[in-house]
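Engineer: Output the structure for:
(one chain, ligands or ions: 1)
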Amino acid sequence: MSICRGLPIIVLLLASFTSLAQPPDPGQGVFLAIVIDDLGNSRLEGERVAALPGPVACSVLPQTPFSVHLAERCQSAGKEILLHLPMQPDDPAADPGPGALMTGQSRATLQSLLHAGIDHLPGVIGVNNHMGSYLTRHAAYMDWLMEDLSQMHGTLFVDSMTTPHSKALGIARAYGVATTRRDLFIDNDPSPEGVRAQWRLLLESALREGSALAIGHPRDATLDLLETELEGLEARGIILTSVTDLIRFRQRETTRWQEFSSR
Ligand SMILES: [Zn+2]
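Structural biologist: You can find the predicted model right below:
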């Protein structure tokens, strides 16, 4: 395709993103989204997450003592809210918690758990999986989930990638659900040294790839680091962005690449 023939499509794409308050634009910088999940069981740590600077996303576990309170705090701080939907892990001894999607459940059960989780929290704009190394490998369940999400206009899905064999991302795309995947976990090693080492890797990866999505947890070392480091990102050429805007940025990058490679 010639540049001239491709131009109207690019113009149309740009026009469709003009509703964003600060649309991330390729060439403008490097984009980093951070999701803090496992929120809901600890009030103090959750409130520290709500008070973090910038559009850090809050992902809240259903049916937990402080789920609604923390979602409200995050929402009034201008942060995006995700439902941190529990799903069956590989380890049968690990408890995914209340409201979990499990193999053997009927489609109606899966649907009602998804809807109850979303409806119970204010302002949910998307879902990411809590655990789920077993369930996300099973296409039939991901198929049900993504078909339901596709009918909830604009509800996005972040694949937490708790297993490299997750089928969630590909099936979400097939249903037209806005989606992306986690690149790094910040605090699998929750020591201050471990978190700092992952943070360095995260920034390197974002600068190399043009964008990154990290998942962290409401742990002391993670919060200590984010409270001191987030405001310095821009000076390093990295723009902290919402999950919604990161997905839009990545979709636009993919479209531009397809445009380029089909010329
Ligand atoms: Zn989790």
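
Engineer: what does the stretch 101-250 of the chain have sitting close to the ion?
Structural biologist: Proximity of the stretch 101-250 of the chain to the ion (CB under 5 Å from the ion) is limited to residues His130. Placement of C-beta: from N, CA and C, glycine included.

Engineer: ok and the residue in the stretch 101-250 of the chain nearest the ion?
Structural biologist: At 3.5 Å from the ion, His130 is the closest residue in the stretch 101-250 of the chain, using CB to the ion.

Engineer: Verify the assumption that that residue is located in a strand.
Structural biologist: Yes. Counting by DSSP: H, G, I helix; E, B strand; the rest coil, His130 is found in a strand.

Engineer: How about the contacts made by it?
Structural biologist: Neighbour list for His130: Asp37, Asp38, Leu61, His84, Leu85, Pro86, Met87, Pro96, Gly97, Ala100, Ser160 [criterion: CB atoms under 8 Å, 6 or more residues apart in numbering].

Engineer: what about the nearest residue to the second one once chain neighbours are set aside, how many residues close to it?
Structural biologist: The shortest distance from Asp38 to any residue that is not its chain neighbour, by CB to CB, 6 or more residues apart in numbering, is 4.9 Å, and that residue is His217. Taking other CB atoms under 10 Å as the neighbour definition, His217 ends up with a count of 20.

Engineer: I'd say His217 and Val35 touch.
Structural biologist: No. Look at His217 against Val35 with CB atoms under 8 Å: they stay out of range, at 9.9 Å.

Engineer: circling back: so for the residue of the stretch 101-250 of the chain closest to the ion, what's the pLDDT?
Structural biologist: Note for His130: predicted pLDDT of 98.

Engineer: Neighbours of the closest residue to Arg196 other than its chain neighbours, how many?
Structural biologist: Among residues not flanking Arg196 along the chain, Leu225 sits closest, at 6.4 Å (CB to CB, 6+ apart). By other CB under 10 Å, the residues close to Leu225 number 19.
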